[in-house]
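Student: okay, here's the prediction I keep looking at, along with the sequence it came from:
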Amino acid sequence: MAKEWGVGKDRDGYVNCYEIECGDLRILDLNAQDFINGTISYRQLNNAMHLGKLGQQFVLKSRKAFEEIKFIGSEIAESREWYAKKMLRDTTARHDYFSVERNRRRRGDLYITQIMDEEMTSDDPRLR
């Protein structure tokens with residue numbers, strides 16, 4: 001999917017390739033602006049990240065994490081191959097997200113304010 005986001009209309013791009021060993025790292029998977037803004041719950045965020053196979057994004061915060069990441073190369077992304085895929089995935093994901101997840105709430109959903117107020121950590125079973 002990185003190749004899709006690396007291209008523009010009639011503009012080739014490239015993607016960097018990295019590896020990271022996560023075995024000894026603490027990870028809390030929080031993504032998406034609507035979640036950070038408190039608009040959607042953690043459950044809705046997880047569902048939204050699977051719409052259109054959106055994938056994952058990572059933020060490295062610790063010195064240990066930066067020590068574990070390794071650049072392994074880069075690859076060319078050709079616009080003629082990847083731009084149409086990018087636009088189809090984006091349009092489909094946006095449609096699915098806005099028509100299904102954003103407006104659906106369930107009792108017991110976790111929101112960012114509760115996660116912060118209760119100082120939940122990545123090993124909290126409610127975040128699984």
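Tutor: Yep, it's here.

Student: lowest-pLDDT helix or strand in the chain?
Tutor: Sorted by mean pLDDT, DSSP states H and E, the helices and strands of the chain end with helix 42-50, the least confident at a mean of 74.

Student: could you give the separation of that helix from the chain centroid?
Tutor: Helix 42-50 has its C-alpha centroid displaced from the chain centroid by 10 Å (Cα atoms, centre = their mean, to the nearest Å).

Student: tell me which other helices or strands the helix ranked longest in the chain touches.
Tutor: In the chain, assigned by DSSP state H, the helix with the most residues is helix 79-96. Using 3 or more Cβ pairs under 8 Å, 6 or more residues apart in numbering; DSSP states H and E, the elements in contact with helix 79-96 are helix 2-6. C-beta here means a position set from N, CA and C on the backbone, and glycine is covered the same way.

Student: so how far is the helix it packs on from its chain's centroid?
Tutor: Centroid separation for helix 2-6 versus its chain: 14 Å, with Cα atoms, centre = their mean.

Student: so for it, mean pLDDT?
Tutor: Mean pLDDT, helix 2-6: 87.

Student: E119 and D90, how far apart?
Tutor: 35 Å (Cβ to Cβ, to the nearest Å).

Student: and the two? Which one has more around it.
Tutor: A count of neighbours by other Cβ atoms under 10 Å puts D90 above the other of E119 and D90, at 14 against 7.

Student: so how far is A48 from the more buried one?
Tutor: 13 Å.

Student: before we move on, the earlier item: now the element after the longest helix of the chain, going C-ward?
Tutor: Counting by DSSP states H and E, the next helix or strand C-terminal to helix 79-96 is helix 112-117.

Student: what are the buried residues along that following helix?
Tutor: Going by neighbour count (16 or more other Cβ atoms under 10 Å), the buried part of helix 112-117 is 112, 115.
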